[in-house]
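> need a structure here:
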Amino acid sequence: MSPSSTRSLGPEERTALAGEYVLGLIEGADLTAFDQQLAIDPDLAAAVERWRVHFAAIDATAAPIEPPAALWSRIETELATVAQQAAPASMSSAAPVQASRPAAAATSRLSDWWNSLFVWRGAALAGALATIVLAAGLLNALDRARRQPVMVAVLMTEASVAAAVVNTFADGRVEMVPLQAIHVPEGKALEIWTLWDRAVGPRSVGLIERARSTHLRLDQLPLGKDQLFEITLEPATGSPTGRPTGPIIAKGTTAQAL
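Predicted coordinates:
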């Protein structure tokens with residue numbers, strides 16, 4: 001890559017090349033040529049700076065990667081072994097001497113690559129990015145699971161109109177969401193009940209002054225399939241008997257959510 005070849009690239013290619021530069025993916029003569037062009041090309045410098053800002057948040061979360069001392073010793077030993085194997089068996093033979101030069105050059109390139117700060121920084125950025133992507137995916141999956149009801153009960157009026165829905169969640173939360181306006185006379189309130197056993201009778205799990213979404217109190221109560229929920233119209237302070245006394249507004253039983 002030469003400065004002139006960099007200038008001949010299109011805007012998208014130059015932007016992509018600037019990103020590779022920030023990630024440390026350009027090396028050797030290409031890196032030298034890019035640095036030369038960067039010093040005289042304001043547009044290219046601006047593209048590099050945009051990439052640096054873009055990756056700054058990830059870069060800040062990437063922990064420094066420090067190779068253990070034993071790893072360096074092992075690499076040096078292996079490189080020395082490679083160099084010894086590539087060395088000519090006899091210094092009097094010209095062909096082996098020439099053959100050793102590519103091996104030495106390869107060893108030098110491997111050493112330069114291993115010692116490259118850009119390689120380690122790029123690895124750290126890639127690792128941090130992968131961690132962020134995986135964490136975001138896991139959080140989204142957990143959030144979807146948390147918000148997905150495991151059972152629902154559609155509360156119907158006598159006219160077979162859906163008035164409200166009760167959602168139950170895996171973490172024990174239960175909420176009622178009205179599906180239409182419900183008229184509540186002055187001095188009255190809507191009381192929500194549940195019935196899981198007729199021998200026990202209905203239990204109040206909520207009292208609201210108007211139709212609105214509300215969490216129901218089932219902390220110490222059973223919750224299962226075919227469990228009845230109903231809304232009745234009661235005094236503003238709730239049923240005086242602890243049992244439904246007013247007209248039933250809507251009712252329905254729980255079923256497994258699709």
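
> tell me where the model's unsure across this structure.
For the chain, applying pLDDT under 70 flags the ranges 1-8, 53-67, 69, 85-147, 257-258.

> in it, which spans are helices?
For the chain, the helices defined by DSSP state H occupy 3-7, 11-22, 28-40, 42-61, 69-86, 94-114, 117-147.

> helices or strands up against the fifth one?
In this case it means helix 69-86. Judged by 3 or more Cβ pairs under 8 Å, 6 or more residues apart in numbering; DSSP states H and E, helix 69-86 is in contact with helix 94-114. From N, CA and C alone the C-beta is placed, and that goes for glycine too.

> and the closest residue in space to Thr245 that isn't next to it in sequence, its phi and psi?
Nearest non-adjacent residue to Thr245, counting by Cβ to Cβ, 6 or more residues apart in numbering: Ser239, 5.1 Å away. Per-residue torsions, Ser239: phi -60, psi 130 (degrees, to the nearest 10).

> what is the neighbour count of Ser239?
Using other Cβ atoms under 10 Å, Ser239 has 18 other residues around it.

> report the contact partners of it.
191, 204, 232, 245-246 (Cβ atoms under 8 Å, 6 or more residues apart in numbering).

> kindly recompute the last result at 7 Å.
191, 204, 245 (Cβ atoms under 7 Å, 6 or more residues apart in numbering).

> what's the closest non-adjacent residue to the first one?
Setting aside the residues directly before and after it, Glu191 is nearest to Glu234 in space (Cβ to Cβ, 6+ apart), at 4.4 Å.

> for that neighbour, give the beta-bridge partners.
Counting by DSSP bridges, Glu234 forms beta bridges with Ala189.

> pretty sure it is touching Gly246, no?
Yes - Glu234 is within contact range of Gly246, at 4.8 Å (criterion: Cβ atoms under 7 Å).

> neighbour count for those two, which is higher?
Comparing Glu234 with Gly246 by other Cβ under 10 Å, the one with more neighbours is Glu234, at 21 against 15.

> quick one on the thing from earlier: which PyMOL command selects the buried ones in the contacts of Ser239?
Selection of buried members from those for PyMOL, criterion 16 or more other Cβ atoms under 10 Å:
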select buried, resi 191+204
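
> Ala29: how many residues sit nearby?
The burial count assigned to Ala29 is 10, neighbours taken as other Cβ under 10 Å.

> show me what contacts it?
With Cβ under 7 Å, 6+ apart, Ala29 has no contacts at all.

> from Pro244, how far out is the nearest residue to Val48 once chain neighbours are set aside?
Among residues not flanking Val48 along the chain, Ala18 sits closest, at 4.6 Å (Cβ to Cβ, 6+ apart). Ala18 sits 70 Å away from Pro244, taking Cβ to Cβ, to the nearest Å as the criterion.

> now swap in Glu27 and tell me
Taking Cβ to Cβ as the measure, Glu27 falls 78 Å from Pro244.

> of the two, who's got more company?
Between Glu27 and Pro244, Pro244 has the larger neighbour count (other Cβ under 10 Å), namely 19 against 15.

> on that earlier part again, how much space between the residue nearest to Val48 and Leu25?
11 Å.

> ok, these two, which is more surrounded?
Ala18 (24 against 14).
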